[in-house]
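*Asks:* what follows is a predicted protein model with its sequence.
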Amino acid sequence: MNYAQPSDTYFDQRRKKITKTKTLSAKDLETRTWKLASKINVKPSKVVIKKLKDRWGSSTKHGVINLNSALLEAPLKVIDYVVLHELCHIKIREHSYRFWSLLRKFMPDYQRQKKWLELHGKMIL
């Protein structure tokens, strides 16, 4: 059996339905990251927004926060989850109980945002 591949238009429409959000600019995302960093009392050395192949974000040992530009299409709460996740890595590098507790302190419903990425993330990558 041959199945027809959905068109790019289908994926664009599906993405818009899933995200249901105003698209942020890269500058907005950077500004939001600095504000959240201040809120949780961490100081990244730099915030970089760029296309990443296989991750939503990363935090280097030097305090650089890298964020995937595809996040600009995600709902705001999901964006905040990724940003807070990476900012928490400035304080705690590994995914330990302490790390997840710290993240939960700033976003009690982080698991909902994480689940959204698992279910819908491929639509915006």
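*Replies:* Perfect, I can see it now. Being a predicted model, the structure only gives us computed values, none of them experimental. Residues are numbered from 1 along each chain as shown.
*Asks:* next up, the contacts around the residue nearest to the spatial centre of the chain.
*Replies:* Centroid check for the chain by C-alpha atoms, centre = their mean gives Val82 as the closest residue, at 3.2 Å. Listed by C-beta atoms under 8 Å, 6 or more residues apart in numbering, the contact partners of Val82 are Trp56, Gly57, Leu67, Asn68, Leu71, Ala74, Gln113, Leu117. Any C-beta I mention is one placed from the backbone N, CA and C, and that applies to glycine too.
*Asks:* count the residues that sit near the third one.
*Replies:* Applying the criterion other C-beta atoms under 10 Å, we find 26 residues in the vicinity of Leu67.
*Asks:* can you classify Glu94 by secondary structure?
*Replies:* Following DSSP: H, G, I helix; E, B strand; the rest coil, the label given to Glu94 is coil.
*Asks:* pLDDT below threshold where in this structure?
*Replies:* Scanning the chain for pLDDT under 70 picks out 1-23.
*Asks:* one step back: what strand or helix carries the residue nearest to the centre of the chain?
*Replies:* Element membership of Val82, judged by DSSP states H and E, is helix 76-91.
*Asks:* Ser101 and Ile92: what is the separation?
*Replies:* For Ser101, the distance to Ile92 equals 9 Å [C-beta to C-beta, to the nearest Å].
*Asks:* more neighbours, these two?
*Replies:* Neighbour count, other C-beta under 10 Å: between Ser101 and Ile92, Ile92 has more, with 15 against 11.
*Asks:* my guess is that one contacts Arg98. True?
*Replies:* Yes. Ile92 is within contact range of Arg98, at 5.4 Å (criterion: C-beta atoms under 8 Å).
*Asks:* which non-adjacent residue is nearest Trp116?
*Replies:* Val78 (5.2 Å; C-beta to C-beta, 6 or more residues apart in numbering).
*Asks:* how about Lys61?
*Replies:* Nearest to Lys61 is Arg93, by C-beta to C-beta, 6+ apart, at 7.3 Å.
*Asks:* what about that neighbour, neighbour count?
*Replies:* Neighbour count of Arg93, defined by other C-beta under 10 Å: 11.
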